[in-house]
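Q: the amino acid sequence is not available; the structure is as follows:
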């Protein structure tokens, strides 16, 4: 068991994430803060996922193509 100090704002954010009065702050933090991992672990986990359906694959391809289209790129120096 460890003791930590939080600002009032941080405390309020964590308290807002509690799902019940019996929910502990430890459980909230474990749900909200992901375990630190590596790219290798992410790839290993991704390989466990089922393959994409043809429709899902098409949507991924369309999204990637849209991001490669220079006409869709926004110039951060121009006013919106």
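A: Great, that's in hand. This is a predicted model, so every value here is computed, not measured.
Q: hey, let's count contacts and neighbours off CA atoms from now on
A: Noted.
Q: pLDDT below threshold where in this structure?
A: 80 (pLDDT under 70).
Q: and the longest helix for it?
A: Using DSSP state H to define each element, the chain has its longest helix at helix 54-68.
Q: distance from the chain centre to that one, please.
A: 20 Å (Cα atoms, centre = their mean, to the nearest Å).
Q: what's in contact with that helix?
A: 72, 73 (Cα atoms under 8 Å, 6 or more residues apart in numbering).
Q: end-to-end on stretch 20-31?
A: 14 Å (Cα to Cα, to the nearest Å).
Q: ditto for stretch 35-52
A: 26 Å.
Q: starting at the chain centroid, how far to it?
A: Distance, centroid of stretch 35-52 to centroid of chain: 14 Å (Cα atoms, centre = their mean).
Q: please apply the same query to stretch 34-46.
A: Its chain's C-alpha centre and that of stretch 34-46 lie 13 Å apart, by Cα atoms, centre = their mean.
Q: and the residue nearest the centre of the chain, helix, strand or coil?
A: The centroid of the chain falls nearest to residue 34 when counting by Cα atoms, centre = their mean (8.7 Å). Three-state assignment for residue 34 (DSSP: H, G, I helix; E, B strand; the rest coil): coil.
Q: now for residue 36: which residues touch it?
A: No contacts exist for residue 36 under Cα under 8 Å, 6+ apart.
Q: how far away is it from residue 30?
A: Distance, residue 36 to residue 30, by Cα to Cα: 12 Å.
Q: residue 78 now?
A: Per Cα to Cα, residue 78 is found 42 Å from residue 30.
Q: more neighbours: these two, which one.
A: residue 30 (10 against 6; other Cα atoms under 10 Å).
Q: same for the host helix or strand of that one, what does it pack against?
A: Per DSSP states H and E, residue 30 falls inside helix 25-32. Packed against helix 25-32, as judged by 3 or more Cα pairs under 8 Å, 6 or more residues apart in numbering; DSSP states H and E, are the following elements: helix 8-16.
Q: cool, thanks, talk later.
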